[in-house]
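1. My questions concern the predicted model and sequence given below.
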Amino acid sequence: MPAGSAAATQLRAVAGAVAFLTRIPLGRRVRLDGADVARGAVLFPVVGAGIGAAVGLTAVLMHTLLPGLPAAAVALGVGLILTGAIHLDGLADTADAVGGGSRAEALAIMRDHAVGTYGAAALAIDLLVKAGVIAVLLEQDDAFLALIVAGALSRAAALPLAYALPYARADVGPGGVLGGRVSIWSATGGIAIAGAIAAAVLGDTGGWMLGAVGLAIVLLGATYRRWLGGVTGDTLGAASELAETLALAVAAATL
């Protein structure tokens, strides 16, 4: 492969990772496809760390004007705008699918864009816990660094699941762009990068956060295999969202 072509492929992979995880409109300038996103998957924790830094900076700045909880809420709002709530959407759809009586019903429910009772409850609990934990971290002056690490770990969490488990649907929709496309090198590399960020930024606490997310990945993987026989875009998004909330909770408990 010519050097110029290889460089262009790498740049498309970077753009794919950013465009998939954020609402930054790179896809308007460069035509990207699922292969670009899959190649850029190893960089998900880097993009996640950047998202966490943006949310953390917002929280810290707002905390100079507001108490911890409303400052955290504003920061989460900025994060939702930056990401398009992609992981929260996955969490809501996955929670609603829990009410399905069979695998087929669960998959059909995840295809429905309406948010049901389980989905709404899951979103409320997740955001309340996350805002409360960030408020605690703001009072400890640790929110900025914790959000960087949680952002990196959460975006890496989906990679081993996407590699190890088959895609649960016969057809791959837009949300399942990673289904069957994440290589072992991307999965292990993404976890290694996220772990390095955690250790460099928060030391031992970063290690505890990594361990908690690793355990969550194993448990979710076993659950998804037994429940659906694999993963979907929604379940991968739910894994990332739950991993971020869990990582922040561990940070608040250990810092």
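-> Arrived safely. Numbering: from 1, shown residues only.
2. Rounded mean pLDDT for the helix or strand containing Ile197, please.
-> For Ile197, the enclosing helix or strand under DSSP states H and E is helix 184-228. If you average the pLDDT over helix 184-228, you get 97.
3. now that helix: how far from the chain's centre is it?
-> When distances are taken as C-alpha atoms, centre = their mean, to the nearest Å, helix 184-228 is centred 11 Å away from the chain's centroid.
4. Determine the set of other helices and strands touching that helix.
-> helix 44-63, helix 103-111, helix 143-164, helix 233-254 (3 or more C-beta pairs under 8 Å, 6 or more residues apart in numbering; DSSP states H and E). (C-beta placed from N, C-alpha, C; glycine too.)
5. Surely Ala97 touches Ile109?
-> Yes - using C-beta atoms under 8 Å, Ala97 is in contact with Ile109, at 4.5 Å.
6. out of these two, which sits in the busier spot?
-> Between Ala97 and Ile109, counted using other C-beta atoms under 10 Å, the more crowded position is Ala97 (26 against 21).
7. Contacts only, for the more buried one.
-> Glu105, Ala106, Leu107, Ile109, Met110, Asp234 (C-beta atoms under 8 Å, 6 or more residues apart in numbering).
8. Let me have the residues you listed in JSON lines, extended by distance to Val18 and pLDDT.
-> JSON lines is the format used below for those (distance: C-beta to C-beta, whole Å; pLDDT from 0 to 100):
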{"residue": "Glu105", "distance to Val18": "35", "pLDDT": "91"}
{"residue": "Ala106", "distance to Val18": "31", "pLDDT": "91"}
{"residue": "Leu107", "distance to Val18": "29", "pLDDT": "91"}
{"residue": "Ile109", "distance to Val18": "30", "pLDDT": "91"}
{"residue": "Met110", "distance to Val18": "26", "pLDDT": "91"}
{"residue": "Asp234", "distance to Val18": "21", "pLDDT": "93"}
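9. Most neighbours among those residues, which one is it?
-> Asp234 leads the contacts of Ala97 on contacts (other C-beta under 10 Å) with 27 neighbours.
10. Against Ala196, how distant is that residue?
-> 29 Å (C-beta to C-beta, to the nearest Å).
11. got it, and Ala49?
-> Taken as C-beta to C-beta, the span from Ala49 to Ala196 is 10 Å.
12. more neighbours, these two?
-> Ala49 (25 against 14).
13. What count of nearby residues applies to the closest residue to the more buried one other than its chain neighbours?
-> Spatially, and ignoring its direct neighbours in sequence, Ala49 is nearest to Ala152 (4.1 Å; C-beta to C-beta, 6 or more residues apart in numbering). By other C-beta under 10 Å, the residues close to Ala152 number 34.
14. Ala152 against Ala198, yeah?
-> Yes - counting by C-beta under 8 Å, Ala152 touches Ala198, with 6.7 Å between them.
15. Report the separation between Ala114 and Leu242.
-> In terms of C-beta to C-beta, Ala114 sits 22 Å off from Leu242.
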